[in-house]
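**Q** Below are the sequence and a predicted model for it; my questions follow.
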Protein chains: 2
Amino acid sequence: MTNVMTSVPPVPERTEKQRLSAQDWELAALELMAEEGVAAVAVESLARRLGVTKGSFYWHFSHRDALIEAALRRWEDTDTHNLLARVESIENPGKRLRELFRLTSREMRSHKIYAALLKAADHPVVAPVMDRVSHERMAYLARVFQQAGMDHESAEHRARLAYSAYVGLLQLTLQLRSSRLSSEVFDAYVGHMIDTLIPAE
Amino acid sequence: MTNVMTSVPPVPERTEKQRLSAQDWELAALELMAEEGVAAVAVESLARRLGVTKGSFYWHFSHRDALIEAALRRWEDTDTHNLLARVESIENPGKRLRELFRLTSREMRSHKIYAALLKAADHPVVAPVMDRVSHERMAYLARVFQQAGMDHESAEHRARLAYSAYVGLLQLTLQLRSSRLSSEVFDAYVGHMIDTLIPAE
DNA sequence: AGCTGTCAATACGCTTGCGTATGGATAACT
DNA sequence: AGTTATCCATACGCAAGCGTATTGACAGCT
């Protein structure tokens, strides 16, 4: 068969204004969530943001929660795994933890979404996602702490403590406007945290 | 003067149904906030809860935010000082911190309100209260850490770390339903936290 | 007994947000 | 070129929530 159909993709011209896909809505929802929280993800305001009306939305999704759910699925799939993949190669558990902490203290984008979800953890669609993500992350931390030489129970507790410190710092810096630190102080704090929570080699 | 007026207070009979004062509204608002968050403090639903209509509310308060503000003022006045007063007598800084952590890990009531306020930290009335309270508490912690022998900078960092751990644990246990611990594990965790964050005597 | 101040009920208007119904427009296929 | 599938606009109904206006009920004082 001379398969002409699959030769050149249509190239939809992307002239700034095109019809939307479900994915466009999901990405826009995540963006809005990061900036203004889950509550701000309203179909009519989102539609305005995208230059359409809600007639469009209800073609792609049956109701608001379906959008939230799809957006969160997307976030959950890409987010955690991305981060962990970047430290997987480090053999020494202590070094891996240190690097993980340092990396985490940077890229704010993902954390804004996490913080927004935390605020909306009573939402029935959000709750299970947060449960899964938080537990996975703490379990991972616990494993590495154990690899770094701690006994099982201590590693579990230390993982919880470290993760609490992460969540707490997130709240303090993102929620409380006045608690924002200069980058020097912030780096020094991260250093202190690492020294306090990660066993010396 | 034979001061009859101040002799016996009227004793308003409190037969379950009485007219309401502003204070009644404030206490009810705090209660609702603790249970269902700041967003749930709506005048009409609160009124239903109190067995009146909003005609009553708008006599006592000019608008919703005035109630929030009054309720928070009440909370701020009583809350922090209550806790600190109970450990003030302990001379040894390390012991004082340990006792403070242990006490804090109990009385959930006040923490539910703190968590609810954290979720609503973008609210213009809530934000300054949270800023004040959080800073006061961290400053207090920093002072005590310094008294316990740490240098100024380390004490600041450690205070932030400890407070982050507090806030984070609050989120994990109150927001994430599945992260709730049995009381034995919880106590063990608090012990681990104390050992990790408070310098040995 | 009557007046006045205090607290509350009712009715209304306004806004935001969800979801439905229906018709119009455009791209894609045949 | 015509048909079909896709995507979107418009108009509507409904509920929750804020705030206003008006009237009513009752207590305390004179």
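**A** Cool, got the structure. Numbers count the residues shown, from 1 in each chain, chains lettered A, B, ... in the order given.

**Q** which residue sits closest to residue A:175, ignoring its sequence neighbours?
**A** residue B:121 (3.9 Å; Cβ to Cβ, 6 or more residues apart in numbering or on different chains). For the C-beta atoms, the positions are set from N, CA and C on the backbone; glycine is no exception.

**Q** now the one you found, what's its secondary structure?
**A** Put simply, residue B:121 is coil when judged by DSSP: H, G, I helix; E, B strand; the rest coil.

**Q** Please enumerate the helices of chain A.
**A** Remark: helices assigned in chain A by DSSP state H are A:22-36, A:43-50, A:54-60, A:64-85, A:93-104, A:108-119, A:126-147, A:152-170, A:183-197.

**Q** Please work out which of these is packed deepest.
**A** helix A:152-170 (a mean of 22; mean count of other Cβ atoms under 10 Å in any protein chain shown).

**Q** So residue A:61 is in contact with residue A:22, correct?
**A** Yes. Between residue A:61 and residue A:22 there is a contact at 6.9 Å, judged by Cβ atoms under 8 Å.

**Q** ok, for residue A:53, nearest residue in space, not its chain neighbours?
**A** According to Cβ to Cβ, 6+ apart, the nearest residue to residue A:53 is residue A:47 (5.4 Å).

**Q** actually residue A:163, not the one I typed
**A** residue A:138 (4.9 Å).

**Q** now do residue A:39
**A** Excluding the flanking residues, the one nearest residue A:39 by Cβ to Cβ, 6+ apart is residue A:120, at 6.9 Å.

**Q** now swap in residue A:24 and tell me
**A** Nearest one to residue A:24, counting by Cβ to Cβ, 6+ apart, is residue A:50 at 7.0 Å.

**Q** per-residue confidence at the one you found?
**A** Residue A:50 is assigned 93 on the pLDDT scale.

**Q** I'd say it and residue A:20 touch.
**A** Yes. The pair residue A:50 / residue A:20 is scored as a contact, 6.3 Å apart, by Cβ under 8 Å.

**Q** tell me the contacts of the residue nearest to residue A:53?
**A** By Cβ atoms under 8 Å, 6 or more residues apart in numbering or on different chains, the contact set of residue A:47 is A:53-54, A:56-57.

**Q** between those residues, which is nearest DNA strand C?
**A** Closest approach between those and DNA strand C, by Cβ to the nearest atom of the strand: residue A:54, at 5.9 Å.

**Q** ok, so what distance separates that closest one from residue A:114?
**A** 28 Å (Cβ to Cβ, to the nearest Å).

**Q** How far away from the center of its chain is stretch A:38-49?
**A** When distances are taken as Cα atoms, centre = their mean, to the nearest Å, stretch A:38-49 is centred 20 Å away from the chain's centroid.

**Q** Give me the below-cutoff pLDDT ranges for chain A.
**A** Scanning chain A for pLDDT under 70 picks out A:1-17.

**Q** Walk me through the domains of it.
**A** A:19-71, A:86-197 (automatic domain parsing).

**Q** Next one: residue A:156 from residue A:137, what distance?
**A** Taking Cβ to Cβ, one finds residue A:156 at 13 Å from residue A:137.

**Q** Now do the contacts for the residue nearest to residue A:24.
**A** Contact analysis of residue A:50 by Cβ under 8 Å, 6+ apart lists A:20, A:24-25, A:28, A:56.

**Q** So what would you say the end-to-end distance of stretch A:171-183 is?
**A** Length of stretch A:171-183, first residue to last, Cα to Cα, to the nearest Å: 17 Å.

**Q** Now do the buried residues in it.
**A** Within stretch A:171-183, the residues that qualify as buried are A:171-176, A:179, counting by 16 or more other Cβ atoms under 10 Å in any protein chain shown.

**Q** Could you report the separation of residue A:29 from DNA strand C?
**A** Using Cβ to the nearest atom of the strand, to the nearest Å, one obtains 11 Å as the distance from residue A:29 to DNA strand C.

**Q** which residues sit in contact with that residue?
**A** The contact partners of residue A:29, by Cβ under 8 Å, 6+ apart, come to A:41, A:46, A:67-68, A:71.

**Q** Closest to DNA strand C out of those residues?
**A** residue A:41 (6.9 Å).

**Q** show me what contacts the closest residue to residue A:177 other than its chain neighbours?
**A** In space, residue A:177 comes closest to residue B:127 once its chain neighbours are excluded; the distance is 6.5 Å by Cβ to Cβ, 6+ apart. Taking Cβ under 8 Å, 6+ apart as the criterion, residue B:127 is in contact with A:176-177, B:121.

**Q** ok, now which ones touch the residue nearest in space to the middle of chain A?
**A** In chain A, the centroid-proximal residue (Cα atoms, centre = their mean) is residue A:110; its distance is 3.7 Å. Contacts here follow Cβ under 8 Å, 6+ apart; on that basis residue A:110 touches A:79, A:83.
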